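Below are the sequence and a predicted model; questions follow.
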Amino acid sequence: MRVRKIARNLLILILLATNVGCDQISKCIVRQTIEYNHSTMIIGSFVTITKVENTGAFLGLGDQLPRIIYKILMIILPLIVLGYALYYLLTSNSLSKLLIVGICLVIGGGLGNVYDRIIYGSVTDFLHFDFVLFQTGIVNMADISNYDGILYSYI
């Protein structure tokens, strides 16, 4: 039983590392190859890449906050919540596999964006989706991971 728990937790950590790694690699590629505010169509006008730096949260919310409040709300508080979520994930034994994947995606996405805020002072966003009836803001792989994680958590 102990070996099974260790293997489970190791798989969780690998999933988290893969999630954060994919996010960071995609942002690194965009930072090095795409000009700011230059749009490139990937799939017609449905998916475009446009590099922007987001100093706030979703759609720039909070980017005008005083720096100490910003650090508390955008870095410290998320790290506390993500740390607790990881603790919960590693210590809970009754979670479904789909819920584990969902929570991993949310944690990984959150860590990817918090890492950017700590290292770069902003989050690199680059993907824009136009679904004809509605469109997204410019997001990144961590944001998509968060949306997917929330979806998996509710299935």
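Right, received. Where do you want to start?

who touches the lowest-mean-pLDDT helix or strand in the chain?
The weakest-scoring helix or strand in the chain, judged by mean pLDDT, DSSP states H and E, is helix 141-154 (a mean of 77). Contacts of helix 141-154 from elsewhere in the structure, counted by Cβ atoms under 8 Å, 6 or more residues apart in numbering, are 19-20, 22-23, 26-27, 58, 98-99, 101-113, 123, 125, 127. For the C-beta atoms, the positions are set from N, CA and C on the backbone; glycine is no exception.

Stretch 56-75 now?
Contact partners of stretch 56-75, identified using Cβ under 8 Å, 6+ apart, comprise 54-55, 114, 117-118, 137, 143.

Can you select the buried ones from those residues in ChimeraX?
Only the buried entries of the contacts of stretch 56-75 go into this ChimeraX selection, using 16 or more other Cβ atoms under 10 Å:
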select :54,55,114,117,143
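
what number of residues lie near Pro78?
Close neighbours of Pro78, defined as other Cβ atoms under 10 Å, add up to 17.
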